[in-house]
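Peer 1: using only what follows, build the 3D model:
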Amino acid sequence: MRKVSIIATIVSLAIILTVASFTKFTPHNANHYPLATELYDGSANIVSAIYLDFRLYDTLFEVLIFSVAITGVSFYSKRVKESGSISVDKSPLIRFELILLGFLTLVWGIYTAITGHLQPGGAFSGGAISASGIIVLTMALGTEKIHAITEQFELEWIENLVLFVVVAYAIFANVNGGFFSPGFRVGKVGQLFSGRGALLLNSSIGFKVFVGGWAIFYEFSKRKESV
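Peer 2: Numbering: from 1, shown residues only. Predicted coordinates:
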């Protein structure tokens, strides 16, 4: 079976290289992005316009890959015996500082996500920052308490719904000139409700990254050592 896989890989690479050598590629001109962003997208951040509008399918598959990674970690971690959870620091002062730092980091991540089309930031960076915030809160409150809060608000269920929202937007985004975009319009550059679906997509994908990051940390925190 291993020999068959190696042969299949070599043959596939040979076919791809052969086809690529006879394919004529048109040089991609990125100079049109600034004008296209102003006319058709409305984002002040051109990078946001590219990955949430002009190259939305690339972003969609990145979200799918992230979802697969979360599923893989959750599935295989259950095969490792649990060894406890992270202990809470006994100092009230340190716990207060951790709660304050975690809350501020969480808010910063949310702000970074929802304003990603106006300035550097966006869904993935904002979600990662927010995940860091909840990890800091875990050090002050404990993993089980944070996990109970996430279950109470059904964050994992909402996180699964996010994938449906992103796929639905990718399918219908061009209907009626961007039917699913905030305000049903491109919007004025620099305003919050601009960038077509930037606010919806950044919020949705950022939330998924946030919950996914927490889920991975939670699974790892219960299994400190491999057995």
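
Peer 1: buried residues in the helix or strand containing residue 103?
Peer 2: Assigned by DSSP states H and E, residue 103 belongs to helix 92-114. For helix 92-114, burial by neighbour count (16 or more other C-beta atoms under 10 Å) applies to 98, 101, 102, 105, 106, 108, 109, 110, 112, 113, 114. C-beta here means a position set from N, CA and C on the backbone, and glycine is covered the same way.

Peer 1: redo those residues as a markdown table? Include distance to residue 149 and pLDDT.
Peer 2: Listed next are these as a markdown table, based on distance: C-beta to C-beta, whole Å; pLDDT from 0 to 100:
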| residue | distance to residue 149 | pLDDT |
| --- | --- | --- |
| 98 | 16 | 90 |
| 101 | 18 | 93 |
| 102 | 12 | 92 |
| 105 | 16 | 95 |
| 106 | 12 | 93 |
| 108 | 19 | 95 |
| 109 | 17 | 94 |
| 110 | 16 | 94 |
| 112 | 22 | 95 |
| 113 | 20 | 93 |
| 114 | 22 | 92 |
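
Peer 1: next, format these as TSV and append distance to residue 122.
Peer 2: As requested, the buried residues of helix 92-114 are arranged in TSV below (distance: C-beta to C-beta, whole Å):
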residue	distance to residue 122
98	27
101	23
102	22
105	17
106	17
108	14
109	11
110	12
112	7
113	7
114	10
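
Peer 1: wait, which of these is closest to residue 128?
Peer 2: Comparing the buried residues of helix 92-114 against residue 128 with C-beta to C-beta places residue 109 closest, at 7.3 Å.

Peer 1: alright, calling it a day.
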